[in-house]
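K.L.:
Have a look at this fold, sequence not included:
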């Protein structure tokens with residue numbers, strides 16, 4: 001298993017070298033979205049309206065951070081169980097999503113969509129939200145403000161530690 005530093009601005013070029021189980025430190029822009037935000041994104045897609053961010057080559061972090069303490073960019077920001085987003089992920093991947101960050105296994109449909117689209121699924125460690133918040137240097141709420149912690153946020157991350165959960169060939173750490 002290898003270790004990589006990956007700038008998300010170059011994620012498409014880097015995906016082929018990443019293998020299930022590799023350790024990666026991500027830097028760049030990610031967007032938070034959980035269940036409620038995914039539902040709203042699908043409503044926008046179905047009605048032909050503009051999305052709050054460009055899906056092409058984007059990375060979604062399945063997270064709903066806690067309120068921001070004084071002097072920090074964000075509150076605790078750990079991963080949400082990814083399986084809850086499985087009904088949405090194949091379509092988003094087909095529309096250009098490059099990467100997802102969450103925790104836990106994914107469905108066979110999601111795995112096939114990852115392979116079909118040359119994407120990657122990163123696993124973050126559950127219960128490490130306070131640690132992850134230290135890797136988030138900027139947070140901007142950009143959509144669905146009424147959802148509170150589940151609103152969509154644009155995060156700038158630096159050296160955010162994850163593992164490759166499912167690589168672009170469909171290999172999964174859950175099969176190892």
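P.N.:
Right, received. Where do you want to start? Computed from a prediction, not measured in an experiment: that's the story for all the values here.
K.L.:
Determine the longest helix present in this structure.
P.N.:
helix 35-47 (DSSP state H).
K.L.:
what packs against the helix or strand just after that one?
P.N.:
The element immediately downstream of helix 35-47 (helix or strand, assigned by DSSP states H and E) is strand 59-61. The helices and strands touching strand 59-61, judged by 3 or more C-beta pairs under 8 Å, 6 or more residues apart in numbering; DSSP states H and E, are strand 23-32, strand 99-102. In short, each C-beta sits where N, CA and C put it, glycine included.
K.L.:
May I ask which helix or strand of this protein has the lowest mean pLDDT?
P.N.:
For the chain, the helix or strand with the lowest mean confidence is helix 129-133, at a mean of 92 (criterion: mean pLDDT, DSSP states H and E).
K.L.:
can you list contacts of that one?
P.N.:
Residues external to helix 129-133 that are found in contact with it (C-beta atoms under 8 Å, 6 or more residues apart in numbering): 63, 65-66, 72-79, 124-125, 160.
K.L.:
Could you measure from the nearest residue to residue 3 once chain neighbours are set aside over to residue 4?
P.N.:
By the measure of C-beta to C-beta, 6 or more residues apart in numbering, the closest residue to residue 3 outside its immediate chain neighbours is residue 23, 4.5 Å from it. Using C-beta to C-beta, to the nearest Å, one gets 7 Å for the distance from residue 23 to residue 4.
K.L.:
Point out where this structure drops to low pLDDT.
P.N.:
The chain contains residues with pLDDT under 70 at 176.
K.L.:
biggest strand in it by residues?
P.N.:
In the chain, taking DSSP state E as the definition, the longest strand is strand 152-166.
K.L.:
and it with strand 23-32, angle?
P.N.:
Computed by axes from the mean of the first three to the mean of the last three C-alpha atoms, to 10 degrees, the angle separating strand 152-166 from strand 23-32 equals 150 degrees.
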